[in-house]
Each structure stands twice: as structure tokens, then as C-alpha cells.
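> this is a predicted model, with the sequence first.
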Amino acid sequence: MNWHAIWAIYVYEMKRFFRTLMESLLSPVISTTLYFVVFGAAIGSRISEVEGVSYGAFIVPGLIMLSVMTQGISNASFGIYFPKFIGTIFEVLSAPVNFLEVVIGYVGAAATKALMIGVVILVTAWFFVDLRIEHPGAMLAFLILTCVSFSLFGFIIGIWAENFQQLQLIPLLVITPLVFLGGAFYSISMLPPAWQTVTLFNPVVYLVSGFRWSFFGMADVPVMASLAAIAIFTGLCLLAVYAIFRTGYRIKS
């Protein structure tokens, strides 16, 4: 394993993030504040508690998941697409590094950025609501796994995309709606029985449910199902990345 190459890619990507640090951190803070104003104040005045948890605190795990997923995808997809766009990807491909080292460098940097955003949102939430974290180890594990898995997914999108518009296509049209319909701002037990069954086909439900369990000890689906869902998703992303580098799909052409 060429750790020097991995570190070089990782540091290069992180430097790009730190060059716009204020914008990168200020945006999620403002977004989180707006969500608390809209959902916490407006809807929270009508829904005081959800299964014994104040509504303002209840939506925090969903807010973190929404930001971590979108940020992981955005950072990883842009990180690998931009070298393709300007042609410097061939320098990486011709260097004495294998595909695993390239993936670790780019995905590791994107996951780190998403993790930092998640922590910033968590700290911001503490200014608005009283939070408790019953299982801090599980919370950190779910957060890291989500950062890594969706950064891998973003890496795939960045290779697949042929223009900047396609980079935003899947996050805007697929991921964000799935998060909003995946119990991020409500418990699926509040839905009619038929819709509860339909919602269980949304993979994001399992991620949000497991993450919320780590905070409050309550979950819409079994925790093991949540872990299995994120493990399967991560495995599928790894297989897709391996297939991409093995065939040179939209990289070597």
C-alpha cells in the first residue's frame, strides 16, 4: 500500500476544502438554523413530543443525516470529476498507485469533510435544543459509516457524470427526496399502516432510524437491520468502484 500517494491525494483534497472553510461551515450552520426555525418552531408548536422526545431534538439526527449524505456525495463527486474535466486524472492514472489507493485518498477526504459538517451541525443543534446521546459509540459508528458509504456513492457519480449538471442530478432528485420521505422529520409510526409498509422500501429509513436510536434509544426499524442496510450499501458501492477501475468506464476514454 502506497501510503505516501494516499496522503498526497488526501491532503490535496483537504486543502481545497480549507481554502473555502468559512463558506463550507457557514452554509450548514445557516441551513440548520432555518430548519429549526421552520420545523422546530412552526411544526414543533403543534407537535410537542414524538415518543417522549421533544420535536426539536427529534429532528436533529435527520438533519445531520441529510447534510452528511448530501455533503459526502457532493465533495466526492466534485473531487473526482474536476480532474476528469481538466484532464489531470491521467496523471493520477499513470502514477504508480492502484485503484484502491486512489479511492482511499479521494473518498477519505470527502468522508472527512462530511464528518466535519456533521459535527458542526451537531454542535449548532445544542444551541437550540437539549440533546442526549444514549449510545455515543454507536452514534459515531453510524456517522462515520454514512460518511464513507455516501462518499463512495458520490465518487461513482463523479465518474459517471459528463457535465456539472449531472453532478447535482442524483443528489437533488433522488437523495434529498428519499431523506425527506425517510423519517428524517417524523416517525414512520405516525403514518397510516399502508404507507408504513411502503416507507420500509426506502433505504434511507434504516440509516435515519439507526442514527436516531443512538441518540434516544428509539428506532422505527431494528438496529441490526440498519447496520445491515448500510453494510450492504457500502459493499455495493465498493463493487461498483472496482468494476469502474477494472473496465476503465469513463476514466480511460
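Perfect, thanks for sending it.
> residue 97 sits in which helix or strand?
Assigned by DSSP states H and E, residue 97 falls within no helix or strand.
> which residue ranges of the protein form helices?
Secondary structure of the chain (DSSP state H): helices located at 3-19, 21-35, 55-58, 60-86, 89-94, 99-126, 136-160, 164-170, 176-180, 193-199, 203-216, 223-247.
> could I get the ones you listed as a markdown table with mean pLDDT?
Listed next are those as a markdown table, based on pLDDT from 0 to 100:
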| stretch | mean pLDDT |
| --- | --- |
| helix 3-19 | 88 |
| helix 21-35 | 76 |
| helix 55-58 | 84 |
| helix 60-86 | 90 |
| helix 89-94 | 80 |
| helix 99-126 | 91 |
| helix 136-160 | 93 |
| helix 164-170 | 84 |
| helix 176-180 | 85 |
| helix 193-199 | 88 |
| helix 203-216 | 92 |
| helix 223-247 | 90 |
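> same list (these) but as JSON lines, adding distance to residue 186 and mean neighbour count.
Heads up, the C-betas are built off the backbone N, CA and C, glycines and all. Converted to JSON lines, the helices of the chain look like this (distance: least, C-beta to C-beta, whole Å; neighbours: other C-beta atoms under 10 Å):
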{"stretch": "helix 3-19", "distance to residue 186": "33", "mean neighbour count": "15"}
{"stretch": "helix 21-35", "distance to residue 186": "13", "mean neighbour count": "15"}
{"stretch": "helix 55-58", "distance to residue 186": "8", "mean neighbour count": "22"}
{"stretch": "helix 60-86", "distance to residue 186": "9", "mean neighbour count": "24"}
{"stretch": "helix 89-94", "distance to residue 186": "42", "mean neighbour count": "13"}
{"stretch": "helix 99-126", "distance to residue 186": "17", "mean neighbour count": "21"}
{"stretch": "helix 136-160", "distance to residue 186": "19", "mean neighbour count": "22"}
{"stretch": "helix 164-170", "distance to residue 186": "24", "mean neighbour count": "15"}
{"stretch": "helix 176-180", "distance to residue 186": "10", "mean neighbour count": "16"}
{"stretch": "helix 193-199", "distance to residue 186": "10", "mean neighbour count": "12"}
{"stretch": "helix 203-216", "distance to residue 186": "10", "mean neighbour count": "24"}
{"stretch": "helix 223-247", "distance to residue 186": "17", "mean neighbour count": "15"}
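> ok, the most centrally placed residue in the chain - contacts?
Nearest to the geometric centre of the chain sits residue 69, at 1.9 Å (C-alpha atoms, centre = their mean). Residue 69 sits next to 146, 150, 175, 179, 204, 207 when contact means C-beta atoms under 8 Å, 6 or more residues apart in numbering.
> so which of these comes closest to residue 108?
Checking the contacts of residue 69 against residue 108 by C-beta to C-beta gives residue 150 as the nearest, at 13.3 Å.
> gap between that closest one and residue 49?
According to C-beta to C-beta, to the nearest Å, residue 150 and residue 49 sit 30 Å apart.
> residue 211 now?
Separation of residue 211 from residue 49 (C-beta to C-beta): 19 Å.
> what does residue 178 give?
26 Å.
> and the contacts of stretch 241-253?
Stretch 241-253 is contacted by residues 84, 89, 93, 99, 102-103, 152, 155-156, 159-160, 162 when judged by C-beta under 8 Å, 6+ apart.
> hmm, residue 49 is touching residue 56, no?
No - using C-beta atoms under 8 Å, residue 49 is not in contact with residue 56; the gap is 10.0 Å.
> circling back: can I get the contacts of stretch 241-253 in JSON lines with distance to residue 219?
JSON lines is the format used below for those (distance: C-beta to C-beta, whole Å):
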{"residue": "84", "distance to residue 219": "40"}
{"residue": "89", "distance to residue 219": "42"}
{"residue": "93", "distance to residue 219": "43"}
{"residue": "99", "distance to residue 219": "36"}
{"residue": "102", "distance to residue 219": "36"}
{"residue": "103", "distance to residue 219": "31"}
{"residue": "152", "distance to residue 219": "24"}
{"residue": "155", "distance to residue 219": "29"}
{"residue": "156", "distance to residue 219": "29"}
{"residue": "159", "distance to residue 219": "34"}
{"residue": "160", "distance to residue 219": "33"}
{"residue": "162", "distance to residue 219": "40"}
